[in-house]
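**Student:** next input, structure requested:
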Amino acid sequence: MKKKNGFTLIELLAVIIILGILMIIAIPSVTTYISNSRKSAYIDTAKNIIGGTRNIVNEGKLGIYDTNSTYYIPISCVKTENGNKSPYGEFEDEGAYVGVTFDGIGYNYYWISNDITGQGVNEVTPVNDLNEDKIVSGIQEGEVKNKILITGKDGKNNIVIYNSDCTGTTNSTGISNVIYPDGKTKETVVTGDLVKIGTEDFYVMKHDGNDLVLLARYNLKLGNICDGNKNVIGSYPTDSEGYGLQSSDASGFLLRVSTYSGSIPFSEVHYWSSGVGTTYPGNYCDYDVDDYTPETKCAYVYDSHSNLYQYLNSYKSYLEQQGATIKKARLIKLEELLELGCNMEVHTCQNAPSFIGKISFWTGTARSENLLWAVSNSVFGALDSTSDMTMGLRPVIII
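**Tutor:** Now for the predicted structure:
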């Protein structure tokens, strides 16, 4: 009788049982390995995005300079070589942000995120504390956005949130990011109050309906450096720190000093009377002071033909990056100086609020076919608009 080859039923059952035991042992290990790999990839993705954010912050593209704010940058603003995908799925819209604070010397970075599967880091976490243990599941849609609205880091509780392409920001209330004096609002500030937008300070000039008209505390850091004899001896390098922003050093012409800086010509030519651009024939305020009344409108000639136009537009863009909604950026008008107390008859602004004087700056109003009204150390007069060694650029903004 031939012996049959093969397994008996008992042997087959034994093999199946052994395989089942092995699978029971192996599957959790494989599952844990896959889970850990995904978490590790998640953290690597987050750190790559933070690295990309660090690059654009260091380049100054986001204008992060305020030491009292926590900034949140959506990952849609940041491009990385590996892309910005979660290993679990796409990040939720408005669901992943890099947080940034500035201490006056350097930057600190944070991460918070959620993807469409509900996986992520649901607390604003310092980059150095970011690891696989911080990843949780079950995060609800919109939870991340709601959390950053109330989470300031390092004691910086003014929240600034960039929009999806980083062309603008809002603060935690969704309105213009303007910091008013304690206890005051846009409606209750008065002339002379100091308000802040990012690093920049502004004096309240007046209310104009629902708008607020503000005057920069200082001239912008740009233009020439001159000696005490009004000779140009240099200029600010365009790559110098703070170039194009307000600076107490950019005073324009000052009496009895060895050097001063920040002077810049209003225009290369007298364009308003030379047929270049818009002309304003005869309407210049170049007449007897006795004939002048505040109701008389003088020729406000500041426009795109002025040398100052490009700098003011760039400055406006910077302020908008800080979260402010700027309706207009321009130069001060003669009528505004007179309303504040400057006097045409005695050529002084000594009776105006103290913030008007102390520095030298152009207005946007013409006195004649080649002269422009200007303020210099509380002296109120007119200069040739092509002068490159006297007046600075002091912005007026409307919010």
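
**Student:** contacts, neighbours, all on C-alpha from now
**Tutor:** Will do.

**Student:** domain ranges for the protein?
**Tutor:** Structurally, the chain divides into domains by automatic domain parsing as follows: 32-171, 201-398.

**Student:** could you dump those into JSON lines and include mean neighbour count and distance to residue 179?
**Tutor:** As requested, these are exported to JSON lines (neighbours: other C-alpha atoms under 10 Å; distance: least, C-alpha to C-alpha, whole Å):
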{"stretch": "domain 32-171", "mean neighbour count": "19", "distance to residue 179": "9"}
{"stretch": "domain 201-398", "mean neighbour count": "19", "distance to residue 179": "10"}
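
**Student:** Serialize those to a markdown table and add fields for distance to residue 12 and mean pLDDT.
**Tutor:** A markdown table is the format used below for those (distance: least, C-alpha to C-alpha, whole Å; pLDDT from 0 to 100):
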| stretch | distance to residue 12 | mean pLDDT |
| --- | --- | --- |
| domain 32-171 | 30 | 83 |
| domain 201-398 | 72 | 85 |
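
**Student:** could these go into a markdown table alongside distance to residue 11?
**Tutor:** Output for the domains of the chain, formatted as a markdown table (distance: least, C-alpha to C-alpha, whole Å):
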| stretch | distance to residue 11 |
| --- | --- |
| domain 32-171 | 32 |
| domain 201-398 | 75 |
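
**Student:** figure out which of those domains is closest to residue 185.
**Tutor:** Counting by C-alpha to C-alpha, residue 185 lies closest to domain 201-398 out of the domains of the chain; the figure is 10.9 Å.

**Student:** in its sheet, what does the longest strand seen in the chain sit against?
**Tutor:** For the chain, the strand that runs over the most residues, judged by DSSP state E, is strand 91-102. Here strand 91-102 has these sheet partners by DSSP bridges: strand 69-74 (antiparallel), strand 107-115 (antiparallel).

**Student:** for whatever helix or strand comes next after the last one, packing partners?
**Tutor:** Right, the one you point to is strand 107-115. From strand 107-115 onward toward the C-terminus, using DSSP states H and E, the following helix or strand is strand 125-126. Under the contact definition 3 or more C-alpha pairs under 8 Å, 6 or more residues apart in numbering; DSSP states H and E, strand 125-126 sits against strand 107-115.

**Student:** which residues touch the strand it packs on?
**Tutor:** 46, 50, 86, 88-92, 95-102, 120-127, 130, 139, 141, 144 (C-alpha atoms under 8 Å, 6 or more residues apart in numbering).

**Student:** just give me how far that strand sits from the chain centre.
**Tutor:** Put simply, strand 107-115 sits 20 Å off its chain's centre (C-alpha atoms, centre = their mean, to the nearest Å).

**Student:** specify the angle between the lengthiest helix in the chain and strand 107-115 in degrees.
**Tutor:** As assigned by DSSP state H, the longest helix anywhere in the chain is helix 9-58. Relative orientation of helix 9-58 versus strand 107-115 (axes from the mean of the first three to the mean of the last three C-alpha atoms, to 10 degrees): 140 degrees.

**Student:** where do the helices sit along this protein?
**Tutor:** 9-58, 143-148, 309-321, 334-340.

**Student:** would you list those helices in CSV and tack on distance to residue 238?
**Tutor:** Listed next are the helices of the chain as CSV, based on distance: least, C-alpha to C-alpha, whole Å:
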stretch, distance to residue 238
helix 9-58, 17
helix 143-148, 36
helix 309-321, 12
helix 334-340, 30
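
**Student:** quick one, which of those is nearest to residue 255?
**Tutor:** Using C-alpha to C-alpha, these put helix 334-340 closest to residue 255, at 21.6 Å.

**Student:** so which elements touch the closest one?
**Tutor:** Helix 334-340 packs on strand 360-366, going by 3+ C-alpha pairs under 8 Å, 6+ apart.

**Student:** packing partners of the strand it packs on?
**Tutor:** Checking 3+ C-alpha pairs under 8 Å, 6+ apart, strand 360-366 ends up next to helix 334-340, strand 371-376.

**Student:** and if we set it to 6 Å?
**Tutor:** strand 371-376 (3 or more C-alpha pairs under 6 Å, 6 or more residues apart in numbering; DSSP states H and E).

**Student:** what's next to the strand it packs on, contact-wise?
**Tutor:** The contact list for strand 371-376, computed with C-alpha atoms under 6 Å, 6 or more residues apart in numbering, reads 359-363, 365-367, 381-385.

**Student:** how far off centre is that strand?
**Tutor:** 30 Å.

**Student:** can I get that strand as CSV, trimmed to CA atoms?
**Tutor:** C-alpha atoms of strand 371-376 as CSV (Å, rounded to 0.1, in the frame of the first residue of the first chain):
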residue,chain,number,x,y,z
LEU,A,371,8.5,127.2,-4.7
LEU,A,372,6.9,124.7,-2.3
TRP,A,373,5.7,125.3,1.2
ALA,A,374,7.8,123.6,3.9
VAL,A,375,8.3,123.5,7.6
SER,A,376,11.8,123.7,9.1
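
**Student:** neighbouring strands - and their directions - for it?
**Tutor:** strand 360-366 (antiparallel), strand 379-384 (antiparallel).

**Student:** in JSON lines: these, plus distance to residue 373.
**Tutor:** Shown next, in JSON lines, are those (distance: least, C-alpha to C-alpha, whole Å):
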{"stretch": "strand 360-366", "distance to residue 373": "6"}
{"stretch": "strand 379-384", "distance to residue 373": "4"}
